[in-house]
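Participant: following is a predicted model, sequence given first.
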Amino acid sequence: MKKIALLGATGSIGSNTVDVVKAYPELFQIDSLTFHSNVEAGADLIEQLNPRYVGVGSEDIKEILASRFPAVEFGVGEIGLVQAATLDSVDVVLTAVTGSVGLAPTMAAIEAGKDIALANKETLVMAGQWVMEAAAKHKVQILPVDSEHSAIYQCLEGQPKENLKELMITASGGSFRDLSREDLKKVTLEQALKHPNWSMGKKITIDSSTMMNKGLEVIEAHWLFGVDYDKIKVVLHKESIVHSMIVLTDGAYLAQLGPSDMREPIQYALTYPKRLPIKNEKAFDLTQISQLNFEVMDFERFPMLRLAFEVGRKGGAYPTVYNAANEIAATAFIEGKISYLQIEHFVQRAVNEYNETTEVTLEEVIAIDKKTRTIIERWIKEEGHL
Ligand code: NAD
Ligand code: MG
């Protein structure tokens, strides 16, 4: 029986994880879970899963639920996340919260010796160096849940590192892949939220359309697999059937293919190295798909992808600034405070204006993350308009 802490249980990855867990009740148990604000969805999960510990977003929610579920222990905010992630009984922490709020519980879980099934890519972008160092020190596994990284992880299995020539990450192109930069001036939130292939949370859907998501994934891959940016390639693949590939020194390509179903990488991260059937799996027939297309990524059309390589190569806290600026700007777009192209504008400006020394400590990175957020919030107040 694998005991799981599920951080971000009410979200899109959270719900897919609950599906996986419920399909194999003899193998998985949710010992703790967290959610931010959706009380009804949270209460429903507590009823279904019977966790021992629940982390919530506010004291008010804790009060409402504590009287309804007297046997459950509740915690609030960062403390709630950290306690859920470090519960003695927990074996693996599935990090499905959105944003850099995932860093503290992930670090605490690693220090407590828990394996990590990582969906929360922002944590690795913000502080990859320290997360990977801590994982090595405490001998814990970081198993990717992001579909591209799960694909690469699967392709790399059994390959000596010297065999690897490059990683090739596929990108669907997001909601606006067929629009020109001129067209982007007029797009709405509703249009941005219509992803062609995947059903996901709002922030990652916006990030997919700006190509920030792919940028975050490039940096995530750099840390997860210890591969130089020169050896990470991104290719536009509109069908999202090839989840990613590796290229070997002799020119062989290994790819992992499958339907757009996040239960696959989630379940693999939880059963690794075993494989089990996916209950009620999605229909998948390559003869029905019949064509797979691959195109060059246009860095002029998607400047946030170019910027990811730039901040990644600069290192230090550059990726932290890139990520923090985007978290605030993408959220402001979702809340109707800024226009679509202002997301890129604020991220680019934040990176341009950051020019501190690249040698930073984890404490400094956390401070830079906070400071960047405050700066972007100020810019949004000054310049934000629709
Ligand atoms: P979501 O918005 O659907 O869910 C986010 C979850 O995090 C919710 O349970 C919410 O309650 C919680 N949360 C949000 N803000 C919080 C805060 N400040 N404090 C504590 N909890 C908070 O998001 P999602 O689409 O499930 O994505 C979650 C993570 O997984 C992201 O990092 C995303 O990049 C990554 N990811 C998602 C997918 C996908 O298919 N959805 C695929 C790959 C990677
Ligand atoms: Mg992905």
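Facilitator: Thanks, I have the structure now. Ligands and ions are numbered 1, 2, ... in the order given.
Participant: ok, the residue nearest to residue 141 when sequence neighbours are not counted - how many residues close by?
Facilitator: Computed as CB to CB, 6 or more residues apart in numbering, the closest residue to residue 141 that is not its neighbour in sequence is residue 115, at 4.6 Å. All C-beta atoms are positioned from the backbone trio N, CA, C, and that covers glycine. When counting by other CB atoms under 10 Å, one arrives at 22 neighbours for residue 115.
Participant: list the contacts for residue 188?
Facilitator: residue 340 (CB atoms under 8 Å, 6 or more residues apart in numbering).
Participant: what's the pLDDT at it?
Facilitator: The per-residue pLDDT reported for residue 188 equals 96.
Participant: ok, now how distant is it from residue 224?
Facilitator: 34 Å (CB to CB, to the nearest Å).
Participant: pull the contacting residues for the residue of the stretch 51-200 of the chain found nearest ligand 2.
Facilitator: Scanning the stretch 51-200 of the chain for the residue nearest ligand 2 gives residue 146, at 4.2 Å (criterion: CB to the ion). By CB under 8 Å, 6+ apart, the contact set of residue 146 is 118-119, 121, 217, 220, 265.
Participant: export those as TSV, with columns for neighbour count.
Facilitator: Converted to TSV, the contacts of residue 146 look like this (neighbours: other CB atoms under 10 Å):
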residue	neighbour count
118	27
119	31
121	29
217	30
220	26
265	27
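Participant: filter those residues down to the ones in helices?
Facilitator: 121, 217, 220, 265 (DSSP state H).
Participant: coming back round to it: reformat the contacts of residue 146 as CSV; add pLDDT and distance to ligand 1.
Facilitator: Shown next, in CSV, are the contacts of residue 146 (pLDDT from 0 to 100; distance: CB to the nearest ligand atom, whole Å):
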residue, pLDDT, distance to ligand 1
118, 98, 9
119, 98, 4
121, 98, 5
217, 98, 9
220, 98, 9
265, 98, 8
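Participant: nearest to residue 45, of the residues you listed?
Facilitator: Relative to residue 45, the closest of those is residue 119; by CB to CB it sits at 16.7 Å.
Participant: and the closest one, what does it touch?
Facilitator: Counting by CB under 8 Å, 6+ apart, residue 119 has contacts 8, 13, 94-96, 145-146, 266.
Participant: what of residue 211?
Facilitator: Residue 211 touches 171, 174, 302, 304-305, counting by CB under 8 Å, 6+ apart.
Participant: in strands, which of those appear?
Facilitator: residue 171 (DSSP state E).
Participant: so where's the chain shaky on pLDDT?
Facilitator: The model of the chain has pLDDT under 70 over residues 386.
Participant: what is the burial count for residue 70?
Facilitator: Residue 70, neighbours per other CB under 10 Å, totals 7.
Participant: that one: which element?
Facilitator: Assessed by DSSP states H and E, residue 70 sits outside every helix and strand.
Participant: and for whatever residue of the stretch 151-300 of the chain ends up closest to ligand 1, the neighbour number?
Facilitator: Closest residue of the stretch 151-300 of the chain to ligand 1, CB to the nearest ligand atom: residue 201 (2.5 Å). Using other CB under 10 Å, residue 201 has 15 other residues around it.
Participant: now swap in residue 136 and tell me
Facilitator: 11.
Participant: surely residue 169 meets residue 217?
Facilitator: Yes. Residue 169 is in contact with residue 217 according to CB atoms under 8 Å; the separation is 5.9 Å.
Participant: overlap of the contact sets of those two?
Facilitator: Common neighbours of residue 169 and residue 217 (criterion: CB under 8 Å, 6+ apart): residue 148.
Participant: got the residues of the stretch 51-200 of the chain near ligand 2?
Facilitator: Contact residues (CB under 5 Å from the ion) of the stretch 51-200 of the chain with ligand 2: 146-148.
Participant: same list, the residues you listed, but as a markdown table with secondary structure and distance to residue 295 please.
Facilitator: Formatted as a markdown table, these follow (DSSP: H, G, I helix; E, B strand; the rest coil; distance: CB to CB, whole Å):
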| residue | secondary structure | distance to residue 295 |
| --- | --- | --- |
| 146 | coil | 22 |
| 147 | helix | 19 |
| 148 | helix | 17 |
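Participant: residue contacts, the residue of the stretch 151-300 of the chain closest to ligand 1?
Facilitator: So residue 201 contacts 11-13, 98 (CB under 8 Å, 6+ apart).
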